[in-house]
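Participant: I need the structure of the sequence given here:
(one chain, ligands or ions: 1)
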Amino acid sequence: MPTILGQNQYGKAENRVVKITRDGATHHIKDLNVSVALSGDLDDVHLTGSNANCLPTDTTKNTVFAFAKEYGIESAEQFGIHLARHFVTSQEPIKRARIRIEEYAWERIATSEANSKFIGADEVNHSFVRKGQETRVTQITYDGQKWEVISGLKDLVVMNSTNSEFWGYIKDKYTTLQEAYDRILATQVSGRWRFNWTDDDQRMPNWERSYEQTRRHMLEAFAETYSYSLQQTLYQMATRIINHRSEIDEVRFSLPNKHHFLVDLEPFGLKNDNEVYYAADRMYGLIEATVLRDGATAQIPVDMTNL
Ligand SMILES: O=c1[nH]c(=O)c2[nH]c(=O)[nH]c2[nH]1
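Facilitator: The predicted model follows:
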């Protein structure tokens, strides 16, 4: 039976491009998920095996990253228009381009140190929290005598666009990782903290205020720590909470290292001066640890933060 080729389109979907613009110490982020779909005179590609009219999806991906460097990302609309026009006007067989873009918004982390020095203090300029509320969680256990309250949050995404290094690690025959002296540090925080309130006769913490302040100390520690590893940042975040919140004795974090890889733009004659990154969603390093007040015993289950 003869068949007829109907609607068809192709391209690279979900190009996760992160562009950092450095205005002195003040950094600006554009974080996009760009999907390219091209169509046109592509019958032969499907019907005969000739790829003469096929611009590789790999090329569409490279174009997204190269354009981020060459022309910047003023807005998702401007960037999409530019890409669509490029594909349609530069390749004769390509008659239509559809560019879909999701943009992830970031806000600066306002640390009290930065606020006290007014905006412009270093800490606030390169530390970001992704817009959209995290999920706040709690678990209460009562056996008729003792209470256990473990609270926390998940899906709070944060990024430092500088002040992060990673070097001096073990190198064996399988190690290919290059040492990094200025990298992006980003993670999606899942954390739990255990209250030392265990008894109806004790005064209860103000749970709402405790959450707000714990979150604030955690974010401030993330923003203010000059990091040599995500492990070190984790320890600082947890320690800051324990040092400032007397109602909390134990903190556990599960921090995926949301890797941002510098894109090699040399093949296109472009220099990538720590500006254009590929945000990988997997694989990811997963850094987990419990930090305890001196004398406290660990009770937060090891895999609780990983839910
Ligand atoms: O902060 C980091 N900790 C690691 O343990 C690690 N391992 C790795 O490859 N990159 C990183 N980064």
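Participant: run through the residues that contact residue 247.
Facilitator: Neighbouring residues of residue 247 by CB atoms under 8 Å, 6 or more residues apart in numbering: 195-197, 205, 210. C-beta: built from backbone N, CA, C; applies to glycine.
Participant: could you find the closest non-adjacent residue to it?
Facilitator: Nearest-residue entry for residue 247: residue 205, 4.1 Å, with adjacent residues in sequence omitted and distances by CB to CB, 6 or more residues apart in numbering.
Participant: so that neighbour: helix, strand or coil?
Facilitator: At residue 205, secondary structure determined by DSSP: H, G, I helix; E, B strand; the rest coil is coil.
Participant: state the number of residues packed around it.
Facilitator: Using other CB atoms under 10 Å, residue 205 is surrounded by 18 other residues.
Participant: with residue 264 instead?
Facilitator: When neighbours are defined as other CB under 10 Å, residue 264 has 13 of them.
Participant: against residue 161, how distant is it?
Facilitator: Shown here: residue 264 relative to residue 161, a distance of 19 Å by CB to CB, to the nearest Å.
Participant: residue 185 touches residue 231, doesn't it?
Facilitator: No. The pair residue 185 and residue 231 fails to qualify as a contact (CB atoms under 8 Å) at a distance of 11.4 Å.
Participant: neighbour-wise, which of these two wins?
Facilitator: residue 185 (27 against 15).
Participant: circling back to that earlier point, backbone dihedrals for the residue nearest to residue 247, please?
Facilitator: Taking degrees, to the nearest 10, you get phi -60, psi 160 for the backbone angles of residue 205.
Participant: contacting residues for it?
Facilitator: Counted by CB under 8 Å, 6+ apart, residue 205 has contacts 195, 197, 247.
Participant: what's the nearest residue to residue 103 once chain neighbours are set aside in contact with, if anything?
Facilitator: Closest residue in space to residue 103, ignoring its immediate chain neighbours: residue 76 at 4.7 Å, by CB to CB, 6+ apart. Residues counted as contacts of residue 76 (CB under 8 Å, 6+ apart) are 32, 101, 103.
Participant: out of the residues you listed, which are inside strands?
Facilitator: 32, 101, 103 (DSSP state E).
Participant: may I ask you to confirm that residue 77 belongs to a helix?
Facilitator: Yes. Counting by three-state DSSP, residue 77 is located in a helix.
Participant: what pLDDT is listed against it?
Facilitator: pLDDT, residue 77: 95.
Participant: residue 305 too?
Facilitator: At residue 305, the model reports a pLDDT of 86.
Participant: note down every partner strand of the one helix or strand residue 141 maps to and its orientation.
Facilitator: If you go by DSSP states H and E, residue 141 is part of strand 135-142. Each strand paired with strand 135-142, and its direction, by DSSP bridges: strand 147-160 (antiparallel).
Participant: next structured bit after the partner strand?
Facilitator: For strand 147-160, the following helix or strand on the C-terminal side (DSSP H and E) is strand 185-195.
Participant: mind listing the residues bridging to the residue nearest the centre of the chain?
Facilitator: For the chain, the residue nearest the mean C-alpha position is residue 186 (4.6 Å; CA atoms, centre = their mean). Counting by DSSP bridges, residue 186 forms beta bridges with residue 159.
Participant: just to revisit the earlier point, adding pLDDT and distance to the ligand, write the contacts of residue 247 out as JSON lines.
Facilitator: Shown next, in JSON lines, are the contacts of residue 247 (pLDDT from 0 to 100; distance: CB to the nearest ligand atom, whole Å):
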{"residue": "195", "pLDDT": "97", "distance to the ligand": "29"}
{"residue": "196", "pLDDT": "97", "distance to the ligand": "30"}
{"residue": "197", "pLDDT": "96", "distance to the ligand": "34"}
{"residue": "205", "pLDDT": "96", "distance to the ligand": "32"}
{"residue": "210", "pLDDT": "97", "distance to the ligand": "29"}
